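# would you be able to build a 3D model of this:
(2 chains)
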Amino acid sequence: MTAPLASTTLSARIDAVLAEAFATAGLPVEGARAARASRPELADLQCNGALPLAKSQGQNPREIATAIAAALAGHPALDSVEVAGPGFINLRLSARFLADCATAQGSDPMMGLREVPRRMVIDFGGPNVAKPLHVGHLRSLVIGESLRRILAGLGHHVVSDVHLGDWGLQMGMLVAEIRRRWPELSCFATPPRPPASLPFDMADLTLLYPAAAAACREDPDRMAEARADTAALQSGEPGHRMLWSAMRALSLAAQTRDFATIGAHFDLLLGESDVQPLIPGMIEDLVERGIAIPSDGALIVEVAAETDARPMPPLLLAKSDGAALYATTDLATILERVQRFPDLAAIVYVVDQRQSLHFEQVFRAAARAGYAPGVTLTFAGFGTVNGPDGKPYKTRQGGVAQLADLLDEAIGKAAERLAPRADLDDDARARLARTIGIAAVKFADLSSYRTSGYVFDPERLVSFEGRTGPYVQYACVRIASILERAAAEGHAPGAIAVIEPAERALVLDAARLPDIVASAAANLAPNELADFVFGLAQSFSRFYADCPVLAAPDPDIRASRLALCALTRAVLVHGLDLLGIAVPDRM
RNA sequence: GGACCCGUAGCUCAGCUGGAUAGAGCGCUGCCCUCCGAAGGCAGAGGUCGAAGGUUCGAAUCCUUUCGGGUCCGCCA
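Below is the predicted model of the structure:
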């Protein structure tokens, strides 16, 4: 969905060298790409491009590889070129070339990689009014925020929208429940007046919804009442609107606090309610054009295609009583976004995987209606957070686990660990605990692939050792500490020389950042980036153990290693930033 | 009934368009702080990649079948 604008990355430079060699050998250049060597003791990079050419060229793959290797021989970027196994071309990069790349990356971690800018809306978060954020929202918020940063970092004009669930039957249920409990509220009087204050707070409100939903499930009369209130709200009855507006503000305030804690940024705080004015006209348009058709009293849009391998049920646009449904709202939201952003090129939905069929229907309906010409609609579903039983996570009490509680637990655990530290005042300690605790939770969530669900394990989410956010933060902090000491002793970073194996590994690893970011963007998969930062932090830890920096054998090596430290830190900090994870000065 | 996703080490998970000896973390065993921060490093044990076929020079990866788990399927969102 994106195209590179410019790149002077290590891989791009080597690919160009390979392409030239392929051409010299009279071969098509499609396979002229280098990958990380699967056996680092044999090579830095390997090219497998000779193998698939065997058939079309009618030659033994080793012969093809040998021809390519001959064309590569003596290139200044390469120290050695060897053909191995069935036809792998093993490349050892020259120290000079590596130093060049590392130096370039020192001033720009992304090595100039940008993409042709496009306007994108990214839709994530999606909390419902009156429901607190729970652990299920973690994935949407954390993945969505990271994708927002990754896409923006590549130069795209990204707009994030939280898409509140603030419309529909749930709101009617709440109104009905509240009227039963507080009939004296001024919004129920005639004429209705906005309530000066509400008799409930957010904590009460979060209990009202499950109570109302349970009542409606058990009692058809209560359900009928909720439907009537929903209809009244949607038709604009003033008292209903007043109460609705107050509830919405109350829960949005609480949710905004959670967004701030977890570091999710929203450019727009729009919701389902904001597109309701567009719906009557949209339905009229769809009916007039014959796209929406009556079926059993309801209004549907057929979205099945003849080429479908699987059945595609129609999209239900309006119920038999005329009321709109969430598919209607989601379709109208596309219209709204296209109107708001004339240059819109893509909408990315970071939504629960279970809604994939629903969005497929909405996307097809939008295509049939021509509502989003030239706009790529992408469903980036994520898996559910499960309990040990493999089903969506519930607390021991049977309720959902609140996100704020999980974050508090992680922050508390970090604070505990920092408690003995005398060098921090209370305020600094609290801020640091927050930075570390949040990093632990976010990194753990970002580590698994977007679509796979994972088992919710608080122990793992708030762990600080091993493959965790704090481990990567720790690497950054140690580097900062070395650089500080060096500066105090009057030593500055200097020209990079790649000598030791650990130095080579570090430079090769760091240089992958732009490739990883591009891939993470293309696949909408922040876990690739999480994997990368952890691997680079590991490479640094090995370098740190093997190669003394301040106590290096001579001043040139010390200057080079200081530059490598600075480079590594810049790349790690940039990668973590794209994941939405901050780095403290000390920890 | 129909469709989609998943099944990889004791546990939790990676594994990018098929490529050499399938990885990480946790847990377990043993080393390493008079040496730049041990939230660390090194070494080790642990896998018929659910099963069976097929495509291919080559399969955890692609196709078919099968078993097991999860999810969704017009008047909730």
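# point out where chain A drops to low pLDDT.
A:1-7, A:307, A:309-310, A:387-400 (pLDDT under 70).
# scan it for its longest strand.
Counting residues, the longest strand found in chain A (DSSP state E) is strand A:344-352.
# tell me how far whichever residue of chain A sits closest to RNA strand B lies from A:Ala537.
Closest to RNA strand B within chain A is A:Gly466: 2.1 Å, counting by C-beta to the nearest atom of the strand. All C-beta spots, glycine's among them, are computed from the backbone N, C-alpha and C. Note on A:Gly466: its distance to A:Ala537, by C-beta to C-beta, to the nearest Å, is 11 Å.
# more neighbours, these two?
Higher neighbour count among A:Gly466 and A:Ala537: A:Ala537, with 23 against 9, using other C-beta atoms under 10 Å.
# in what helix or strand does the more buried one lie?
Assigning secondary structure by DSSP states H and E places A:Ala537 in helix A:526-546.
# buried ones in whatever helix or strand comes next after that helix?
From helix A:526-546 onward toward the C-terminus, using DSSP H and E, the following helix or strand is helix A:555-579. Buried residues in helix A:555-579, counted by 16 or more other C-beta atoms under 10 Å: A:557-576, A:578-579.
# so is helix A:555-579 next to RNA strand B?
No. Using C-beta under 7 Å from any atom of the strand, helix A:555-579 stays clear of RNA strand B, with a minimum separation of 7.5 Å.
# now for that helix, which elements pack on it?
Contact analysis of helix A:555-579 by 3 or more C-beta pairs under 8 Å, 6 or more residues apart in numbering; DSSP states H and E lists helix A:95-107, helix A:135-153, helix A:426-447, helix A:469-488, helix A:501-510, helix A:513-523, helix A:526-546 as its packing neighbours.
# ok now that helix, how far from the chain's centre?
Centroid separation for helix A:555-579 versus its chain: 25 Å, with C-alpha atoms, centre = their mean, to the nearest Å.
# tell me what angle it forms with helix A:513-523.
Here helix A:555-579 runs at an angle of 10 degrees relative to helix A:513-523 (axes from the mean of the first three to the mean of the last three C-alpha atoms, to 10 degrees).
# and the stretch 101-250 of chain A, which of its residues are near RNA strand B?
Those residues of the stretch 101-250 of chain A that sit near RNA strand B, judged by C-beta under 7 Å from any atom of the strand, are A:128, A:165, A:167-170.
# mind putting those into CSV with secondary structure and neighbour count?
Below are those laid out as CSV (DSSP: H, G, I helix; E, B strand; the rest coil; neighbours: other C-beta atoms under 10 Å):
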residue, secondary structure, neighbour count
A:Asn128, strand, 20
A:Gly165, strand, 20
A:Trp167, coil, 24
A:Gly168, coil, 20
A:Leu169, helix, 19
A:Gln170, helix, 20
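# if we can go back for a sec, most packed of the helices and strands packed on helix A:555-579?
Of these, the one with the most neighbours on average (mean count of other C-beta atoms under 10 Å) is helix A:135-153, at a mean of 24.
# CA atoms of that helix as PDB?
Provided in PDB are the C-alpha atoms of helix A:135-153 (Å, rounded to 0.1, in the frame of the first residue of the first chain):
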ATOM      1  CA  VAL A 135      -7.700  -5.500  28.800                       C
ATOM      2  CA  GLY A 136      -9.400  -6.200  25.500                       C
ATOM      3  CA  HIS A 137      -8.800  -2.600  24.500                       C
ATOM      4  CA  LEU A 138      -5.100  -2.900  25.200                       C
ATOM      5  CA  ARG A 139      -4.300  -4.500  21.800                       C
ATOM      6  CA  SER A 140      -6.300  -1.900  19.800                       C
ATOM      7  CA  LEU A 141      -4.700   1.000  21.600                       C
ATOM      8  CA  VAL A 142      -1.200  -0.200  21.700                       C
ATOM      9  CA  ILE A 143      -1.100  -1.600  18.100                       C
ATOM     10  CA  GLY A 144      -3.100   1.300  16.800                       C
ATOM     11  CA  GLU A 145      -0.800   3.900  18.300                       C
ATOM     12  CA  SER A 146       2.300   2.100  17.100                       C
ATOM     13  CA  LEU A 147       0.900   1.900  13.500                       C
ATOM     14  CA  ARG A 148       0.000   5.500  13.700                       C
ATOM     15  CA  ARG A 149       3.600   6.400  14.600                       C
ATOM     16  CA  ILE A 150       5.200   4.000  12.100                       C
ATOM     17  CA  LEU A 151       3.100   5.300   9.200                       C
ATOM     18  CA  ALA A 152       3.600   8.900  10.200                       C
ATOM     19  CA  GLY A 153       7.300   8.200  10.600                       C
END
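# need the contact partners of the next helix-or-strand element following it.
With elements assigned by DSSP H and E, the helix or strand that comes after helix A:135-153 is strand A:157-161. Applying C-beta atoms under 8 Å, 6 or more residues apart in numbering, the contact partners of strand A:157-161 are A:117-124, A:144-145, A:148, A:151-152, A:265-270, A:337, A:341, A:343.
# now stretch A:354-365
A:291, A:301, A:303, A:305, A:312-315, A:317, A:326-327, A:330-331, A:334, A:349, A:351, A:377, A:379, A:381, A:384.
# may I see the buried residues of it?
Of all the residues in stretch A:354-365, those buried under the rule 16+ other C-beta under 10 Å are A:355, A:358-359, A:361-365.
# endpoints of stretch A:441-460, how far apart?
9 Å (C-alpha to C-alpha, to the nearest Å).
# A:Leu270 against A:Asp166, yeah?
No. Using C-beta atoms under 8 Å, A:Leu270 is not in contact with A:Asp166, being 9.4 Å away.
# so those two - more neighbours on which side?
Using other C-beta under 10 Å as the criterion, A:Leu270 and A:Asp166 rank with A:Asp166 on top: 22 against 19.
# any idea how far the residue nearest to the more buried one when sequence neighbours are not counted is from A:Leu147?
Nearest residue to A:Asp166, sequence neighbours excluded (C-beta to C-beta, 6 or more residues apart in numbering): A:Gly271, at 4.0 Å. Noted for A:Gly271: a distance of 21 Å to A:Leu147, by C-beta to C-beta.
# got it, and A:Pro28?
Distance from A:Pro28 to A:Leu147, by C-beta to C-beta: 35 Å.
# please identify the residue most distant from the middle of chain A.
A:Thr190 (48.4 Å; C-alpha atoms, centre = their mean).
# helix, strand or coil: sort out that one for me.
coil (DSSP: H, G, I helix; E, B strand; the rest coil).
# state the distance from it to A:Arg241.
Taking C-beta to C-beta, one finds A:Thr190 at 15 Å from A:Arg241.
# picking up where we left off before, what about the residue nearest to A:Asp166, neighbour count?
23.
# now it, what are its backbone angles?
phi -140, psi -180 (degrees, to the nearest 10).
# centre of the chain to stretch A:28-38, how far?
Offset of stretch A:28-38 from its chain centre (C-alpha atoms, centre = their mean): 28 Å.
# neighbouring contacts of it?
Contacts with stretch A:28-38, where a contact means C-beta under 8 Å, 6+ apart, come from A:11, A:14-15, A:18-19, A:21-23, A:43-50, A:52-53, A:56, A:90-91, A:508, A:512.
# now those residues: which count as buried?
A:11, A:14-15, A:18-19, A:21-22, A:43-50, A:53, A:90-91, A:508, A:512.
# mind checking which of those residues land in strands?
Judged by DSSP E, the subset of the buried ones among the contacts of stretch A:28-38 located in strands is A:45-47, A:90-91.
# now do the contacts for A:Ser320.
Listed by C-beta under 8 Å, 6+ apart, the contact set of A:Ser320 reads A:296-298.
# could you list the domains of chain A?
A:4-93, A:169-262 (automatic domain parsing).
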